[in-house]
Structures are given as structure tokens and as C-alpha cells.
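1. here you go, sequence then predicted model.
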Amino acid sequence: MTASLPLASFTGAFEFIFTPQESNVTGGKKVGGLDKSLELLVKHLEVTVLALAIALVVALPLGLYLGHKGKGEQFAVGLGNAGRAIPELAVIALVAVLIGVGLQNVAPVLAILGVPPILNNAYVGVRQVDRATVDAARGMGMSEAAIIRRVELPIALPTVMGGVRSAAIAILATATIAPLAGVETLGDFILNRNVYGENGLLAGAILVALLALTIEGLLALLQRRLTSDGLKLKTV
Amino acid sequence: MRTDQTRVRVLLAALAALALTLGIAACGSDSDSSSTGGEEGGASGAAIQSNPENGKVSLTIGSKNFPEQEILGEIYAQALTAAGYKVKSALNLGSETVALKAVKTGQISGYPEYASTALTSFFGLEPEEVPSDANEAWEKANAEFEKEGLQAFEPTPFASANAVGTTTATAKKYGLKTVSDLEGVSEKLSLYGSPECRQRIDCLAGLEKLYGLKFKSFTPVDIGLRYTVLEKGQADLSILFTTDPQLSAEKDKYVILEDDKEVFPAGNVIFVTKQSVAEEAGPDYEKTILQVQEGLDLKVVQELDARVELEKETPKQAAKAYLESAGYIK
């Protein structure tokens, strides 16, 4: 029966993640806990992977092609920068009027966030490849497609992957707004302070941060595996 | 190459400037745009007198993050300015938890809250324990607030509540008039509501527990989309507000189901402030707030909501139109 608002604590947040807690507004039902946390975490990951996949399909071929041709720098860089300035929440509301809410709304809108870094880095990465190397490949009779696939992409890979990693983190962080458009991600804990309290809010933030670190680590590992041995920095 | 970059930069600078201008226009549009005058209600109050004494007092008026709240915040802020106070506004604060905290820490002087929300959300009452009489609810809430060094002014004439809404077509198809009519059909129907609705006892949790209903699905959406999802045919049922202008403007399109078991307590608005702030601000603070809210009956509030939600006026413009047409300010 008090209006006191206890400050969040890390212990409280971790308790919230693992065991359901009391809430003021639920009529006695407990909220949070491991089952709910995992459910939201899985959904969060699902949305992120889907949005990243869309961004990759759209931006990667385009960036590689433009980089290979050496054309459209203005387009690649300009679109990239403009893309970062788009307010995702406004787009979600706009898209809701056109196609409604749900995964079909949230995933493409979040993908917009992933396009700029992937496009930019793919373009820049390929542009940076030594022209002499490309000419040599051409001289050996490689087709243009083969040059992109077998020469430029492997050499540009660290830069390209850098873009993918930025995109993944941007999408993952912004997927917290998805509960406003019908998809319950970890943002549920963060947006609904009335229900989950300060500890729930902090719990949501911690889970998103941990997820981001994990994804970043996995992608870094993938990058190492994919990078050609000849390109790796020698440690000796 | 060089010129390309310069061009891109110029373009981006222009875009940024444009965005800024739009941003300012969106939250600004200051008092010079007079005479958006409307014909609300017959309530004609006496004009607010400016008291030079009040110039020494700075107030910050807050509100939660949806249009009706912002309009109320603006009405109070503009009225207090007319009374001579130095007033800032901090509208769009988010949920009630955030707003109450801002009052307690002194970041805002006060904000409008629904008495029902205060009782259920801050003081742990079950929805069915909320008095249906406005004064009784206010007294109960005020008694609790006073224990915390806070104070709530007397309630507004209008009350607002959540409601289960649907299209007239759906209501007809399943013969729905009350929420109880959903028994047996709710399993076939999808319900949309704000993200926190799922867990709240005065929302989905209450519909499940007190009506014993089970829905095909519950989907969380931003409050601003509550009619969009019905219109798109995605939602069979959507959580609406009884003060929504759409309910009178599009009477043949949307209906709300009568809450026959009283899961959604109606709340009149009470202005919540700190006792110390009220003392410092002097008698004109409470007097002005009570004076300007006298004209706020359901019809007036629906019309004010309509100005903002349907006609896309800013809350500032709508509030000004109300205060002028009622004669509180000139």
C-alpha cells in the first residue's frame, strides 16, 4: 500500500531474470522469471536474425557491385548516412497503417538500420582492393563475377564483416521497440516499467547487453574463420 | 571525388536543417497563432487574473505520453501562465511511474493523473475496489498521497476508462453488447492492446481473471495504433479509451462493449503535486487549476482529443482554443 519506488539494483535485476516477482498492477500474478526471460530472448534473437538477413540480401550484393564498378559512391555513402537518421518508431507506425503490425512490419523496418553499415563497408572494402590485383585476375581470364567472388570479396572480407557486425548490434539494440508493433521482445521488460518495475527494466537492459556481446563475439569468430590465411596479421 | 563529397555534405546539412525545422515546428507553434477558436461547450468562466506576486514562482507542468494527457498538461500550463506564474512544461513523460517519480524528485511541479490509475497502480487497490464516485475516489487517493508529502487537487468533471472496442461489423456478427457477451466467442477473437495490457489487472489480466475469458491471441501495440489495427482488420478487439473522439466521430464504425463486471475502473483526473510546491506557489496555483478544469466534461474532452488525434492540431493549439472559447484567457 505504498507509493514508494525502490531503485533498481543488480541483485534485484538478476532475481527478476531467474524468479518471478511481485507486481503492483497485476492483481497478484507474479511477473518475470526465467521462462519469460528465455521466451523473450528467443523472440528477440529471431527478430534480429530475420532483420539482419533482409539487410544482408538487400545491401551486400549492391555494395559489392557498386564497389566493383567504382560507381555510385554518392549513392552508397549518402544513402548509408541518410539511413542512419531514419526514426524507426515513426516508420513502424507508418508501415502499420499500410500492412499492419507484427513480424512482417518490424523485421523490414529494423532491416533499414542494417543496410547503411553493410552497404558502406561492402562498398569501401571492395574499393580498397589493390587495382593491380584485380587487373591481374582479369588478365588471367576471370569473369567479372568471379573477380568479385574470388578476389575482391575475400580481400575485403574483414571490412565487410565489420559492417555486418555494426548492423547486427544496431538491429539487436533497436529490436527493443518491437513490443510497440506486436512482437514481444526483451523490450517488453524495458517498456513496461509500470508492470515490471525498475528491476525488470534493468533486467531487460542486462539481457540485451549480454545478447549483444554474445552476437558480437560469435560474428568476430566467424570473421576469423572466413578470412583467408594470407590476409591474417602475422603474430610472429 | 572532392566535389562529390562536398555535395553529399551539403545535402546532409540541408536534410539536418530541415529535420530541425520540422522538429521545432512540431513542438513549437507558439502563442502567436491565435484564433483557432472553437465552439466547445457553454461553460464560460471568468477570465484568469494575472497576479504579479506569482511571477516569483517557477512551475513545471508534466504529463504522460498520450494526446489527452498532453492536452491537459497544456491547459494547466497555459492557465497558470495567465495567472502570472513562470511556467515550463515537460509533457510526454512516459508512464505514471515515471511521472510520479518526477513529481517526488521535484523535476516537475505536478501532472494530471486518473484517480483510478493512482489507486490501482500506486496504492495497490484491485479494480473492483476503486470507488465509482469521483469524489470518493479522489478522497481515497488524496489520503494516500498525503502520507507521502503529496497532494491531489479535486477531480475533473470527465472520467476516462479503458474499454474493449471493436468494429460495428464484428459486434453485429457475434451479437456483442457487453464484455460478458464475449463468453464462448472470445476464443475465436484476437485482442490488441498496449504492451503493458497483457499483465495488468485493469486490462487483459482482469478480462481473463474476472470475466473468465480466453482470447485467440493477445498482441501488444503502441497506444497510437489502437484504431489502426481495427481498421486494418488485424484485430477483432482492441483496447480503447472511453474519451476517444473516434467513438463519436465514427459512431457507425466503432463500438465499445459495456464493462458489466467493472474490470475497467473509470477515472476522473486529479492534479498531483507536492505539498511543499503547493505551499510555495500560493493559493492561485490550486485555484487556477480547479477553475480551468470546470469546463472539462466528456463532450469537451472528446472534442479536444479529436482536434489533436483526428485534425492533427498540436496539444498546445487545442488547449489554447479551449481556454479562449471558455473565456479563461483572451
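-> Looks like it arrived, so ask away.
2. any idea how far the residue in the stretch 151-300 of chain B positioned nearest to chain A is from A:Lys71?
-> Nearest to chain A in the stretch 151-300 of chain B, going by Cβ to the nearest Cβ, is B:Ile201, at a distance of 3.1 Å. (Glycine included, C-beta is placed from N, CA and C.) Distance, B:Ile201 to A:Lys71, by Cβ to Cβ, to the nearest Å: 60 Å.
3. on that earlier part again, so the residue of the stretch 151-300 of chain B closest to chain A makes contact with B:Glu128?
-> No - when contacts are counted by Cβ atoms under 8 Å, B:Ile201 is not listed as touching B:Glu128 (9.5 Å).
4. just the pLDDT for residue 233.
-> Answering for chain A, as no chain was given. pLDDT recorded at A:Leu233 is 69.
5. to clarify, I was referring to chain B.
-> In this model, B:Gly233 is scored at 92, pLDDT.
6. shouldn't it be within a strand?
-> No - under the criterion used here (DSSP: H, G, I helix; E, B strand; the rest coil), B:Gly233 is coil, not part of a strand.
7. are we agreed that B:Val87 is in a helix?
-> No - under three-state DSSP, B:Val87 sits outside any helix and is assigned strand.
8. taking the mean pLDDT, what do you get for the helix or strand containing B:Val103?
-> Here B:Val103, judged by DSSP states H and E, is contained in helix B:96-104. In this model, helix B:96-104 carries a mean pLDDT of 91.
9. just give me how far that helix sits from the chain centre.
-> Relative to its chain's centre, helix B:96-104 lies at 15 Å (Cα atoms, centre = their mean, to the nearest Å).
10. repeat that for stretch B:256-265.
-> On Cα atoms, centre = their mean, the centre of stretch B:256-265 falls 19 Å from the chain's centre.
11. what is the end-to-end distance of it?
-> 15 Å (Cα to Cα, to the nearest Å).
12. please list the residues outside that stretch that contact it.
-> Identification of contacts with stretch B:256-265 by Cβ atoms under 8 Å, 6 or more residues apart in numbering or on different chains yields B:116, B:119-120, B:127-128, B:130, B:132, B:161-166, B:171, B:176-182, B:201-203, B:206-207, B:210-211, B:240, B:242, B:247.
13. follow-up on the earlier one: neighbour-wise, which of B:Ile201 and A:Lys71 wins?
-> B:Ile201 (25 against 12; other Cβ atoms under 10 Å in any protein chain shown).
14. check which helix or strand covers the more buried one.
-> Short version, using DSSP H and E: B:Ile201 is in no helix or strand.
15. which ones are touching it?
-> Counting by Cβ under 8 Å, 6+ apart, B:Ile201 has contacts A:25-29, B:120, B:126-127, B:209, B:263.
16. B:Gly110 now?
-> B:59, B:61-62, B:76, B:103, B:271-274, B:277.
17. that one - nearest residue in space that isn't next to it in sequence?
-> Counting by Cβ to Cβ, 6 or more residues apart in numbering or on different chains, B:Thr273 is the residue found nearest to B:Gly110 once chain neighbours are left out, at 3.3 Å.
18. what about the strands in the stretch 151-300 of chain B?
-> Assigned by DSSP state E, counting those that start in this stretch, the strands in the stretch 151-300 of chain B fall at B:159-160, B:162-167, B:190-193, B:217-220, B:237-241, B:254-256, B:267-274.
19. okay, the helix-or-strand element of chain A with minimal mean pLDDT in PDB with CA atoms only?
-> Within chain A, no helix or strand scores below helix A:73-84, which has a mean of 80 by mean pLDDT, DSSP states H and E. The C-alpha trace of helix A:73-84 is given here as PDB (Å, rounded to 0.1, in the frame of the first residue of the first chain):
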ATOM      1  CA  GLU A  73      29.800   6.400 -54.200                       C
ATOM      2  CA  GLN A  74      27.500   9.300 -53.600                       C
ATOM      3  CA  PHE A  75      24.600   6.800 -53.600                       C
ATOM      4  CA  ALA A  76      26.300   4.300 -51.300                       C
ATOM      5  CA  VAL A  77      27.600   6.800 -48.800                       C
ATOM      6  CA  GLY A  78      24.600   9.200 -49.000                       C
ATOM      7  CA  LEU A  79      22.000   6.500 -48.600                       C
ATOM      8  CA  GLY A  80      24.100   5.000 -45.900                       C
ATOM      9  CA  ASN A  81      24.200   8.200 -43.900                       C
ATOM     10  CA  ALA A  82      20.600   9.100 -44.500                       C
ATOM     11  CA  GLY A  83      19.500   5.600 -43.400                       C
ATOM     12  CA  ARG A  84      21.000   6.100 -40.000                       C
END
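20. closest residue of chain A to chain B?
-> Taking Cβ to the nearest Cβ as the measure, the point where chain A comes nearest chain B is A:Gly27, at 3.1 Å.
21. enumerate the residues of the stretch 51-200 of chain B near chain A.
-> B:94-98, B:100-101, B:104, B:120-124, B:126-127, B:144-145, B:148, B:150, B:192, B:195-196, B:199-200 (Cβ under 8 Å from any Cβ of the partner chain).
22. report the buried members of those residues.
-> Those of those that meet the buried threshold are B:95-98, B:100-101, B:104, B:120-123, B:126-127, B:144-145, B:148, B:150, B:192, B:195-196, B:199-200, by 16 or more other Cβ atoms under 10 Å in any protein chain shown.
23. residue nearest the centroid of chain A?
-> A:Ala168 (2.4 Å; Cα atoms, centre = their mean).
24. does the helix or strand where that one lies reach chain B?
-> According to DSSP H and E, A:Ala168 maps onto helix A:153-174. No - Helix A:153-174 does not reach chain B (Cβ under 8 Å from any Cβ); its nearest approach is 14.7 Å.
25. what's the average pLDDT for that helix?
-> Rounded mean pLDDT across helix A:153-174 is 95.
26. and what of stretch B:323-330?
-> On average, the pLDDT along stretch B:323-330 is 91.
27. stretch B:122-130 too?
-> Throughout stretch B:122-130, pLDDT has a mean value of 85.
28. quick one: contacts of it?
-> A:1-3, A:24, A:27, B:96, B:100, B:115-116, B:119-120, B:137, B:141, B:144, B:201-202, B:206, B:210, B:262-265, B:267.
29. that one: end-to-end distance?
-> 12 Å.
30. ok but B:Ile61 is inside a strand, no?
-> Yes - counting by three-state DSSP, B:Ile61 is located in a strand.
31. can you tell me which helix or strand of chain B has the lowest average pLDDT?
-> Result, chain B / mean pLDDT, DSSP H and E: helix B:2-27, a mean of 50.
32. so is stretch A:90-101 next to chain B?
-> Yes - Stretch A:90-101 comes into contact with chain B (Cβ under 8 Å from any Cβ), by way of A:92-93, A:96-97, A:99-101.
33. among the residues you listed, which ones are buried?
-> Buried among the residues of stretch A:90-101 next to chain B by 16+ other Cβ under 10 Å: A:92-93, A:96, A:100-101.
34. among these, which are located in strands?
-> Among these, DSSP state E puts none in strands.
35. since that was my last question, I'll sign off now.
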